[in-house]
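Trainee: Sequence plus predicted model, see below.
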Amino acid sequence: MNIETVFWILGALTIGSALMVILSTHPVRSILYLILTFFMISANYILMNAQFIAIVNIIVYAGAIMVLFLFVLMMLNLSQSNEPKSPIKMIAAAVIAGGSLLVVLVAAMRDSFVSASNIVSTTNQQGLVENLGKELFTTYVLPFEISSVLFISAIVGAVVLAKREKQIID
Amino acid sequence: MSIEQLIPLIIAIPLIGGFINGVFGKKLPKVIVGSIATFAVFTSFFLALSVFFKLEESVTVDLFTILNLENIQLNARFLVDNLSIWMTMIITGVGALIHLFSMGYMSHDKGYYKFFTYLNLFIFAMLILVLGSNYFMLFFGWEGVGICSYLLIGFHYSDVEKGLLNGLAARKAFIMNRIGDLGLLIGLFMLLANFGTLEYTELADKILTQGISYSEGALFIITLCLFIGATGKSAQIPLFTWLPDAMAGPTPVSALIHAATMVTAGIFLVVRSNFLFELAPSTQDIMLYVGLLTSLVTAFIAMRQNDIKKVLAYSTVSQLGFIFVALGMGAYTAAIFHVTTHAFFKALLFLGSGSVIHAMSDEQDIRKMGGLKKYIPITNITFLIGTLAISGFPLLSGFFSKDEILAHAMHHNTIIYILLAFSALLTAIYMFRLYFVVFHGSFRGSDEAKSHLHESPLNMTLPLIVLAVLSVIGGLLNIPSLLGGHHWFTHLLNENVAGLSRVAELHITDGETLMLMISASVLTLIALFFSYNVYVKKNNVPVNDHEIKGWTKLSANKLYFDEVYNSLFVKPIEWKSTKLYSFVEVFILNGIISSLTKLLSGLSELVKKWQSGKTDSYILWMVFGIVGLVIYYLVKI
Amino acid sequence: MMVLASVFDTISIQHYLVLSTILFVIGVFGVLTRKNAIILLMCIELMLSSVNLLLVAFSTYFGDVSGQLFVFFIMVVAAAEATVGLSILVLLYRNTRSVDVGLFNKLKG
């Protein structure tokens, strides 16, 4: 079992679960399939030795964001699938758009073949937490701090937006 | 300060005054507005006076080049010689007095600041006209005074009773001017084509000194076209009917524009082009006969007019005809001399009539006036002096200037002399008629008007007095040798005005001068006694409209000129334009425009569907756009 | 610390490019087709994830760690965006009792 096989299996599973996300009728099932997709992507990350990103992917995306989605879905009681179907014209147009996008992007990539011959062999150490942390807190410390500001604004925004209006009791 | 610095100042100061009044005048108190305007013109006058005393050789003041092509150069340049500085002094001097008068006369008017703005702008345009060094600047000023005249004639366009008439009179003046302007433009184009330049000095140089070859026919057409332009502006037959109608404007406007300055623009044009006219004797003859005819016809009409301003208007046209006769005989300096004295006494007469109208609470019909000499004494005396001057009473200014023209006429052709003298006689008769009917006899107006009769305030009577003095002593400018003078004015103009010194001078003996003077004086006194007899002794009062009979009907109805013009020219054009409107305008033009709008709105309806408000279609088009972009880059590279 | 073999000794970068592109296109297709607003937001997350995948692949390929840091920041932004997006959704649901995207066409031209 070499790495290439692992890659193919992982790739197939990822694409499969992504397809199920968009094709399933039940919203809850879509969310669950998406969680599965995130797990597959994390596996890909581990394959590439980006350990930190893999863990963070699971914790943040699959753990927090998807749970949030589920919360909202349950809260709004949308678990029944009463969503109207798109007109067939739209689906056809979407297929054409997506297909042409794929074709065009792959064609653009044809010229981008880059040789791996001049890659330094210290790549294996790269994705480790220690290396990442060193870079993050020296070169990229400013974006790091600003992202905290971003979070604050997102929190405040979310709270303000979703606040329930006070009911006036007469 | 040198002349080169003074001249732009002289021209710019009225413009600045007009600008200040135009922009800020609405908020300033009336006294300030009037003072700014009057002060501006007075300043220009004093500066012009100082230039006049400094001037020896003619001076050119260059401002900037307007157009510089291969065979045309147009420059904003001013030429200061005795002619232009003399005209400047008249314009600013008489203009300043009229501004002062207007401060009192227009004091009840709501559009006070507008009036002074237009007046200052008019002075500015007129100064450019006379001070320009080429025909282009003259034309610029020409059009400028045309516009200001239009604005000022139609000043009371929103008046409840007469607003429409004022507007129509302004329009008529402008259109008739325009017809003359066409002639002027053609003349200018031909000048440029034949001689390659529009500068006065260069033209004089080319024709007189260098002896450039030219075609006689071309010169005839050029001078004829220039004369047509002068006809429009200076109201000769057939383009004179706008001037009586222009009396609808306020009286100071009539005094300034239609007596002293704008109507002399045509004469100025001819005098400036003297070297051209001297080489086209046929045009000079045409000028002479047209002027003579105009002078006689309008004198005839004036005999039975009953509006105080209309009489003065027709007399203006008549005097201008007089001057054109002088020009037709090559008497250029005599013409300018008469222009000067005419400016004095005509402005005086108009301002005096303004004073009368003011006293009569805006009544202008002389049949409702009478015996006013008791109530408005200063106006009475000054008006009398003006009347005496215009009639050529001995030793007043009008006497000398008319005499000079009559002297030229006698040497030219005796019949012309007789007709001209007859016109002078008629002038005296109707002017004295006007004076006696208004100021003598008993008051014929309503009792209410009688109670309002009062002398005008100082700012109105002061200009009257000044102008009266000038009308008396103005003759001193050009006293003939008989009385010990040296023809100072003639020599002044001949000194440095291009071309004038080559004009043949009139050689007249002292004996002839004496005979002319005596005969002119006799005619004037005959007219005086005749009018006195009819209008004072026998107390003849002009009759009401429905009682007019015989030849007086012709005169009172202005020889039906307006009616003839109306049916010959105005009605066919109106008919054509109505037809054109109903067909071309409604069907074709409107059709094109509305079908264009329908097309555009149809297109926009189509495009509007694209913005459906649905996110998925937006994203769809975004994806298509991205695909397109990537394909574009792929194909390019 | 166990050192994993570099994946790029055997497979080339093209594989990851294609995989990521396919995931992205699936996300696009989902956005265009589905009418439930929540599913819509999820497909956007899917698109973002595909980009993350590609970035990490390149980062490993070239030995440059800034690729993975960028992924980190993308995740930050995605989290914030999901939060705010969902709260807007909740508000919309409260006002219109539905999460059907086809009903929100007030910006129609």
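Mentor: Received the coordinates, thanks. Numbers count the residues shown, from 1 in each chain, chains lettered A, B, ... in the order given.
Trainee: from here on, contacts and neighbour counts on C-alpha atoms
Mentor: Fine.
Trainee: can you map out the helices along the chain?
Mentor: Answering for chain A, as no chain was given. With helices called from DSSP state H, chain A shows them at A:3-23, A:27-47, A:51-56, A:66-75, A:88-109, A:129-138, A:141-162.
Trainee: oops, chain C please
Mentor: Ranges of helices within chain C are C:13-33, C:37-62, C:66-96, based on DSSP H.
Trainee: Switch these over to TSV; also include mean neighbour count, mean pLDDT and distance to chain A.
Mentor: Output for the helices of chain C, formatted as TSV (neighbours: other Cα atoms under 10 Å in any protein chain shown; pLDDT from 0 to 100; distance: least, Cα to the nearest Cα, whole Å):
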stretch	mean neighbour count	mean pLDDT	distance to chain A
helix C:13-33	22	90	5
helix C:37-62	22	91	6
helix C:66-96	18	90	5
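Trainee: Any chance of TSV for those, columns distance to chain B?
Mentor: What follows is those, written out as TSV (distance: least, Cα to the nearest Cα, whole Å):
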stretch	distance to chain B
helix C:13-33	5
helix C:37-62	10
helix C:66-96	14
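Trainee: would you turn the ones you listed into JSON lines with distance to residue B:20?
Mentor: Output for the helices of chain C, formatted as JSON lines (distance: least, Cα to Cα, whole Å):
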{"stretch": "helix C:13-33", "distance to residue B:20": "67"}
{"stretch": "helix C:37-62", "distance to residue B:20": "67"}
{"stretch": "helix C:66-96", "distance to residue B:20": "60"}
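Trainee: and residue B:527, which of the ones you listed is closest to it?
Mentor: Residue B:527 sits nearest to helix C:66-96 of all the helices of chain C, at 102.0 Å, using Cα to Cα.
Trainee: Give me the helices and strands touching the closest one, please.
Mentor: Packing partners of helix C:66-96 (3 or more Cα pairs under 8 Å, 6 or more residues apart in numbering or on different chains; DSSP states H and E): helix A:51-56, helix A:66-75, helix A:129-138, helix A:141-162, helix C:37-62.
Trainee: Just the angle for the third one relative to helix A:141-162, thanks.
Mentor: If I follow you right, that is helix A:129-138. With axes from the mean of the first three to the mean of the last three Cα atoms, to 10 degrees as the basis, helix A:129-138 and helix A:141-162 are set at 80 degrees to each other.
Trainee: now do the longest one
Mentor: What separates the directions of helix C:37-62 and helix A:141-162 is an angle of 170 degrees, with the same axes, to 10 degrees.
Trainee: swap in the second one?
Mentor: Angle of helix A:66-75 versus helix A:141-162, following the same axes, to 10 degrees, is 10 degrees.
Trainee: Buried residues, helix A:66-75. List them.
Mentor: Neighbour counts over helix A:66-75 (16 or more other Cα atoms under 10 Å in any protein chain shown) mark A:66, A:67, A:68, A:69, A:70, A:72, A:73 as buried.
Trainee: Does that helix reach chain C?
Mentor: Yes. Helix A:66-75 comes into contact with chain C (Cα under 8 Å from any Cα of the partner chain), by way of A:69, A:72, A:73.
Trainee: With just CA atoms, put that helix into CSV.
Mentor: Output in CSV follows, covering the C-alpha atoms of helix A:66-75 (Å, rounded to 0.1, in the frame of the first residue of the first chain):
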residue,chain,number,x,y,z
MET,A,66,-20.7,22.8,11.3
VAL,A,67,-22.1,22.5,14.7
LEU,A,68,-23.2,26.1,14.4
PHE,A,69,-24.9,25.2,11.1
LEU,A,70,-26.7,22.3,12.8
PHE,A,71,-27.8,24.5,15.6
VAL,A,72,-29.3,27.0,13.3
LEU,A,73,-31.0,24.3,11.3
MET,A,74,-32.5,22.7,14.3
MET,A,75,-33.5,26.0,15.8
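Trainee: Could you count how many residues lie near residue 63?
Mentor: Using chain A here. Residues lying near residue A:63 (other Cα atoms under 10 Å in any protein chain shown) number 14.
Trainee: try chain C instead
Mentor: A total of 19 residues lie near residue C:63 under the criterion other Cα under 10 Å.
Trainee: do residue B:83 as well
Mentor: If we define neighbours as other Cα under 10 Å, then residue B:83 has 25 of them.
Trainee: follow-up on the earlier one: okay, the buried residues of helix A:66-75 in CSV with pLDDT next?
Mentor: Below are the buried residues of helix A:66-75 laid out as CSV (pLDDT from 0 to 100):
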residue, pLDDT
A:66, 92
A:67, 93
A:68, 92
A:69, 92
A:70, 91
A:72, 89
A:73, 88
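Trainee: Nearest to residue B:307 among those?
Mentor: So of these, ranked by how close each gets to residue B:307 (Cα to Cα), first place is residue A:72, at 95.5 Å.
Trainee: Hmm, the closest one is touching residue C:86, no?
Mentor: Yes. The pair residue A:72 / residue C:86 is scored as a contact, 7.4 Å apart, by Cα atoms under 8 Å.
Trainee: Next one: the residue of chain A found nearest chain B from residue A:22, what distance?
Mentor: Here the residue of chain A nearest chain B is residue A:101; by Cα to the nearest Cα that distance is 5.6 Å. Going from residue A:101 to residue A:22 by Cα to Cα, to the nearest Å gives 18 Å.
Trainee: And for residue B:402?
Mentor: In terms of Cα to Cα, residue B:402 sits 110 Å off from residue A:22.
Trainee: Which of the residues of helix A:66-75 next to chain C sits closest to residue B:620?
Mentor: Closest to residue B:620, out of all of those and judged by Cα to Cα, is residue A:69, at 24.9 Å.
Trainee: right, and that closest one touches residue C:38 too?
Mentor: Yes. Here residue A:69 reaches residue C:38: they are 7.4 Å apart, a contact under Cα under 8 Å.
Trainee: List the residues that contact residue C:32.
Mentor: Counting by Cα atoms under 8 Å, 6 or more residues apart in numbering or on different chains, residue C:32 touches A:90, A:91, A:94, B:616, B:617, B:619, B:620.
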